[in-house]
Structures are given as C-alpha cells and as structure tokens.
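Enquirer: quick one, structure for this:
(one chain, ligands or ions: 2)
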Amino acid sequence: MKKMNSYKIALIGGDGTGPEVAREGVKVLNAAASKFGFKLDFTDYDFGGARYLKTGETLPDSAIEEVRKHDSIYLGAIGHPDVKPGILECGILLKMRFALDQYINLRPVKLYPGVETPLKDKGPQDIDFVVIRENTGGIYTGIGGVVQKGTQNEIATQVMVYGRPVVDRCMKYAYEFTRKRNSKKKMLTLVHKCNVLTHCGDLWVRSHKEMGDRDYPDVKQDYNHVDACTMWFVKQPEWYDVIVTENLFGDIITDLAAIIQGGLGIAAGGNINPEGVSMFEPMGGSAPKYTGKNVINPLAAICAGGMMLDTLGEDKAAKAIDKTVTDILASGKIKSLAAGRMGYSTTQIGDMIAAAL
Ligand code: IPM
Ligand code: MN
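Expert: Ligands and ions are numbered 1, 2, ... in the order given. Just a heads-up that it's a prediction; the model follows:
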C-alpha cells in the first residue's frame, strides 16, 4: 500500500484577526486532506506583536531554524496597534523572506464570479492574471545609509540592488509558471521602468528577452513601464496573463491588483522558495478593530491554504478548494466580502467551505 503523504506545517496565527482567519484555513485544509488522502501536521508558533510586547523578541534565529524543518509555513497576519510600524514587518515578515530565501512573491489576481470589482464593466473573464514579484532583492535589501541625520543637510540613500543570478532565477520561475499555466495568451509581461532605471531596468529587460528567446520560444514576451501598468490594470486588465517584476514595483502594483479582484477579503499570496520552505498568507492585515468579533472574512486565508497545497504537490486538493470557493461565491450566498457585511460569521464561512468540499 502506498504510504500516505504527510506534511509538517508551521502555523503562525499572528496578531489581531490573524488567528481567526488562520483557524478557518486550517479547518478547510484538514477537510481537503481527509478527502484527498494526505495528512497535515500543524505546529503552532506565537510570533507577532503580542509576543514582542511581552518579550521584546520578533523572530529569533533559533525559531528560524525550527521553522525551516517544516514543509511549509501558514501565516494569519502580523501587525499590532501598540507596536511602532516597521518592527514587526522587518523583524518577522521580511526576516522570514530573507532567511528562508523566499525569492518569489506569487499573487494570483482573479475576480471570482459574484464578487464586486470597483472597475466598471469588468467581470471575471476580464480579471484573471498572476503577478510574480521578486521578493528578496531591490530596495528591500536595505543597502544604503544616512548622514547628518536630523540636520538641514541630511542625506539618505536606499539602493535598488540586483544581480544577474537573482534576476534570472525569478525570471526562470516566471517563464516556467507561464508555460505551465498555459492560458490562451501564454504571455509573460515584464513590468519595470527601463526608460529611467537604465541600469537595473536594462538588466531585467535583457534577462527577460535572452531567457525567453533561448528557452521559452512558446511564451510570448511583453513589456510595460510600471506607471503605464497601473493605468492598464484599471482600463484593460484583460490584457494580462503573467506579470514578472522587481520587488518594490511588485509591492505597489499588487495592492492595486488586490482591489480590482474584490479587495483584501479574497486576495492571497505566497512567499515562495521553489527549492525550500515557502510561506502562504492572506494579503489583509491584522484588522485590530474586528478582532475577536467573528466577522472577518476568512476566504483569503482559505485561498492561501489552497496555494500552499498546490506548492506541496497536492494540486487536486488545491483545485478542489478553488472550485469550492468559486461555487460558493457564484451562488451569491455571501452578500459582501467586507468584514461584518458577509451575512455570515467567520466560522460559518469556514464551515460552509469545509462541508462543501
Ligand atoms: C506585502 C507587505 C510587506 C511588503 C510589508 C508588510 C513589509 O506590504 O507583503 O506586500 O512590503 O512586502
Ligand atoms: Mn504590500
């Protein structure tokens, strides 16, 4: 008899509504596991603002070594109203991305049927693309410095750093992803600002073209400047299939992308190390004002769970979660994706998806 696949998952509920949405995600993941015949073994970790306020620790190095032994990481949300901005973001989220070399940020942008978009006259057939954001380089490396701080002459720099190997590995992932997605367009759009960033932009342009010409003749190549791209997201989102871009541009355009797919209640993402340990999370924050009220929407966390299963190789289970979410949204039962206006509680949505699976 074939041995049942079993996966060790590090579970970081985090702050605010993070644990509430993660709990529903776990419920759905376990339902998928029993239906598709694999096992998920969750280990709970309490990293987040509350622990930081108690102990002064964000993500100790020893914790990284522990988390590294898992097959994947599932995250609720990080962010605490009593902690100065930057501490938890840098100390937990960015530290994890760097330490585990999660060099891809994968953000599917899909308008599910029955979900409202702020874009006039656009529907699910128009909004269905994926953004692949480079996740560990660029301005996020933090290279730079400040002199004469606080004086009239203060100077600060923070440099966009990219090496060819870092660009190439991201580009390769993006081309492979586009090929595998195999949509009708089968097109990889590079988003950058090569008309001004003549060094970094040019590096990305050459990587895109040379790798595409050499290894992916079946994938169409396309290019947008990042400013123009924000305009096209609103005017003609149906143009896109897969987008690849550098870190900061990707950060910015994926917030715009999240809102056109219906907002943070549904937007999910993965911090992926294709050769290592990845981390999946809903895009929404910790939503302190809704904490403990059982009103926050867990769908983004549930979708992030689906992405995790896909990455673990349980693609049938991942597809089933996506289909269940699609069917429930299409049925119109859920009135809105906004917290408190769904017509259901957080736990009821989780129960509904788990049962429908
Ligand atoms: C994101 C977030 C993070 C980022 C912050 C919280 C550090 O905005 O995942 O998009 O800038 O990458
Ligand atoms: Mn962001």
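Enquirer: quick one: list the elements packing against whichever strand or helix holds residue 109.
Expert: Applying DSSP states H and E as the criterion places residue 109 in strand 104-110. On a contact count with 3 or more CB pairs under 8 Å, 6 or more residues apart in numbering; DSSP states H and E, strand 104-110 meets strand 128-134, helix 164-181, helix 247-260, strand 268-272, helix 299-312. C-beta here means a position set from N, CA and C on the backbone, and glycine is covered the same way.
Enquirer: now the residue of the stretch 201-350 of the chain found nearest ligand 1. Nearest residue, chain neighbours left out?
Expert: Per CB to the nearest ligand atom, residue 251 is where the stretch 201-350 of the chain lies closest to ligand 1, at 4.5 Å. Nearest non-adjacent residue to residue 251, counting by CB to CB, 6 or more residues apart in numbering: residue 133, 6.8 Å away.
Enquirer: ok, that neighbour - contacts?
Expert: Going by CB atoms under 8 Å, 6 or more residues apart in numbering, residue 133 touches 104-107, 245-247, 249-251, 254.
Enquirer: at 10 Å what do you get?
Expert: For residue 133, the contact set (CB atoms under 10 Å, 6 or more residues apart in numbering) comprises 103-107, 170, 174, 191, 243-254, 269, 271.
Enquirer: sorry, back to before: okay, the strand holding residue 109 in CSV with CA atoms only?
Expert: Output in CSV follows, covering the C-alpha atoms of strand 104-110 (Å, rounded to 0.1, in the frame of the first residue of the first chain):
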residue,chain,number,x,y,z
ILE,A,104,9.2,34.7,-5.3
ASN,A,105,6.1,36.5,-4.2
LEU,A,106,3.2,34.9,-6.0
ARG,A,107,0.0,36.8,-6.3
PRO,A,108,-2.9,35.4,-8.3
VAL,A,109,-5.3,38.2,-9.3
LYS,A,110,-8.7,36.6,-10.1
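Enquirer: a markdown table for the helices and strands packed on strand 104-110, including mean pLDDT?
Expert: Formatted as a markdown table, the helices and strands packed on strand 104-110 follow (pLDDT from 0 to 100):
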| stretch | mean pLDDT |
| --- | --- |
| strand 128-134 | 98 |
| helix 164-181 | 98 |
| helix 247-260 | 98 |
| strand 268-272 | 98 |
| helix 299-312 | 98 |
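Enquirer: can I get these in TSV with distance to residue 31?
Expert: Listed next are the helices and strands packed on strand 104-110 as TSV, based on distance: least, CB to CB, whole Å:
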stretch	distance to residue 31
strand 128-134	26
helix 164-181	26
helix 247-260	26
strand 268-272	17
helix 299-312	10
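Enquirer: what parts of the stretch 151-300 of the chain come near ligand 1?
Expert: residue 251 (CB under 6 Å from any ligand atom).
Enquirer: does residue 278 touch residue 173 like I think?
Expert: No - using CB atoms under 10 Å, residue 278 makes no contact with residue 173, being 11.8 Å away.
Enquirer: which one's more surrounded, the two?
Expert: Higher neighbour count among residue 278 and residue 173: residue 278, with 22 against 18, using other CB atoms under 10 Å.
Enquirer: nearest residue to residue 147 other than its sequence neighbours?
Expert: With sequence-adjacent residues excluded and distances taken as CB to CB, 6+ apart, residue 147 is closest to residue 155, at 5.3 Å.
Enquirer: neighbours around that neighbour, how many?
Expert: Using other CB under 10 Å, residue 155 is surrounded by 10 other residues.
Enquirer: do the same with residue 327
Expert: For residue 327, the number of neighbouring residues by other CB under 10 Å comes to 15.
Enquirer: what of the one 5 residues further on?
Expert: Residue crowding around residue 332 was assessed by other CB under 10 Å; the count is 9.
Enquirer: what sits closest to it if chain neighbours are left out?
Expert: Nearest residue to residue 332, sequence neighbours excluded (CB to CB, 6+ apart): residue 114, at 5.3 Å.
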